[in-house]
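Visitor: Next input, structure requested:
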Amino acid sequence: MDESKLYEMLESKHVPNIKIFNELNSTNQYCLDNNVVDASIIVSKKQTAGRGQRGHKFYSPKDTGIYFSMVLPVSTRFLVNPGMLTIGAGVAVSKAIYELSGIKVGLKWINDVYLNNHKCIGILVETNMDEDNHIQSFVIGVGLNLYPNDFPSDIRHRAGFLFKQHSFSNEKIIAKIYNNVVNMYFNQSNRYILDKYRNMLIWVGKKVQINIEKNGLVYGVIQGIDDLSRLLVKIDTGHVYHCNYSDASNLRLIE
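Guide: The predicted structure is shown next:
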């Protein structure tokens with residue numbers, strides 16, 4: 001990858017610092033450990049300890065994927081409603097893939113990107129805090145499974161990839177995603193983000209299971225999301241759960 005080529009493709013007035021590594025444990029962790037607070041793109045060709053939501057591992061081999069983190073300044077809008085940033089990142093990344101390739105991906109709540117019922121992109125939004133626990137910046141990590149590879153046996157049934165062969169330069173993919181995320185972050189309204197997310201949400205009308213803190217395993221039908229980005233799951237009694245990501249996990253489709 002070439003930093004200068006990547007710079008040339010960026011549309012943002014918030015021109016980021018760019019660093020490209022052959023290997024990191026995790027691009028998000030690098031940003032947190034090194035207190036990266038200015039606008040930045042941190043790329044690694046391989047991650048040895050890539051991670052996703054709730055500390056899950058994200059398989060990040062060399063050559064078949066792209067792994068990078070975007071650091072953005074604090075926005076009051078997203079401080080008040082951090083869930084909006086999480087779903088906004090999912091929308092921006094999904095739109096980037098469509099605009100590049102014409103491939104329509106879907107979003108599994110809350111922001112895993114799916115193609116043909118297989119996860120091909122993971123997104124992890126974190127915050128960089130100062131010594132007084134004030135948020136200094138947002139860190140948005142994106143891991144893309146671009147091409148076929150030999151996934152570990154424990155994720156092989158649900159992991160997928162975007163392209164059968166090399167179709168776009170890594171610089172072009174990263175730039176497109178960064179441009180879309182920055183546009184979302186500074187220019188798009190919450191209503192726009194919610195509307196786009198609802199159109200991309202998968203499994204609406206499908207029966208699922210989800211583990212809800214204090215309620216245990218719940219079975220129901222996805223109705224969509226509310227304006228706070230909570231997943232709406234209707235059970236047989238007619239009751240609708242409004243699931244916060246902080247207290248709901250292990251969403252699974254029931255075939």
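Visitor: Looking at the protein, which helix is longest?
Guide: Secondary structure of the chain per DSSP state H: the longest helix is helix 82-101.
Visitor: right, and the helix or strand after that helix?
Guide: Later in the chain than helix 82-101, the nearest helix or strand by DSSP states H and E is strand 106-108.
Visitor: Check which helices and strands that following strand sits against.
Guide: Secondary-structure packing of strand 106-108 (3 or more C-beta pairs under 8 Å, 6 or more residues apart in numbering; DSSP states H and E): helix 82-101, strand 112-115, helix 190-200. For the C-beta atoms, the positions are set from N, CA and C on the backbone; glycine is no exception.
Visitor: Now render these as JSON lines, adding mean neighbour count.
Guide: Output for the helices and strands packed on strand 106-108, formatted as JSON lines (neighbours: other C-beta atoms under 10 Å):
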{"stretch": "helix 82-101", "mean neighbour count": "22"}
{"stretch": "strand 112-115", "mean neighbour count": "20"}
{"stretch": "helix 190-200", "mean neighbour count": "16"}
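Visitor: Pipe these into CSV and attach distance to Ser4 and mean pLDDT per row.
Guide: What follows is the helices and strands packed on strand 106-108, written out as CSV (distance: least, C-beta to C-beta, whole Å; pLDDT from 0 to 100):
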stretch, distance to Ser4, mean pLDDT
helix 82-101, 20, 97
strand 112-115, 28, 98
helix 190-200, 32, 98
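Visitor: Format the ones you listed as TSV; extra columns: distance to Asn179.
Guide: Below are the helices and strands packed on strand 106-108 laid out as TSV (distance: least, C-beta to C-beta, whole Å):
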stretch	distance to Asn179
helix 82-101	8
strand 112-115	17
helix 190-200	16
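Visitor: Any idea which of those gets closest to Thr127?
Guide: helix 82-101 (8.0 Å; C-beta to C-beta).
Visitor: picking that back up, between helix 190-200 and the longest helix of the chain, find me the angle.
Guide: With axes from the mean of the first three to the mean of the last three C-alpha atoms, to 10 degrees applied, the angle from helix 82-101 to helix 190-200 works out at 60 degrees.
Visitor: circling back: closest one to Gln136 among the helices and strands packed on strand 106-108?
Guide: helix 82-101 (14.4 Å).
Visitor: counting contacts, what elements does the closest one pack onto?
Guide: Under the contact criterion of 3+ C-beta pairs under 8 Å, 6+ apart, helix 82-101 touches helix 76-80, strand 106-108, strand 112-115, strand 118-129, strand 135-145, helix 170-187, helix 190-200.
Visitor: Would you reformat the ones you listed as a markdown table and include distance to Arg51?
Guide: Shown next, in a markdown table, are the helices and strands packed on helix 82-101 (distance: least, C-beta to C-beta, whole Å):
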| stretch | distance to Arg51 |
| --- | --- |
| helix 76-80 | 21 |
| strand 106-108 | 17 |
| strand 112-115 | 13 |
| strand 118-129 | 7 |
| strand 135-145 | 8 |
| helix 170-187 | 19 |
| helix 190-200 | 23 |
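Visitor: which one of those is the most hemmed in?
Guide: strand 135-145 (a mean of 23; mean count of other C-beta atoms under 10 Å).
Visitor: Which elements pack onto it?
Guide: Strand 135-145 packs on helix 27-33, strand 65-73, helix 82-101, strand 118-129, helix 170-187, going by 3+ C-beta pairs under 8 Å, 6+ apart.
Visitor: ok, now with 7 Å
Guide: Where contact means 3 or more C-beta pairs under 7 Å, 6 or more residues apart in numbering; DSSP states H and E, strand 135-145 is packed against helix 27-33, strand 65-73, helix 82-101, strand 118-129.
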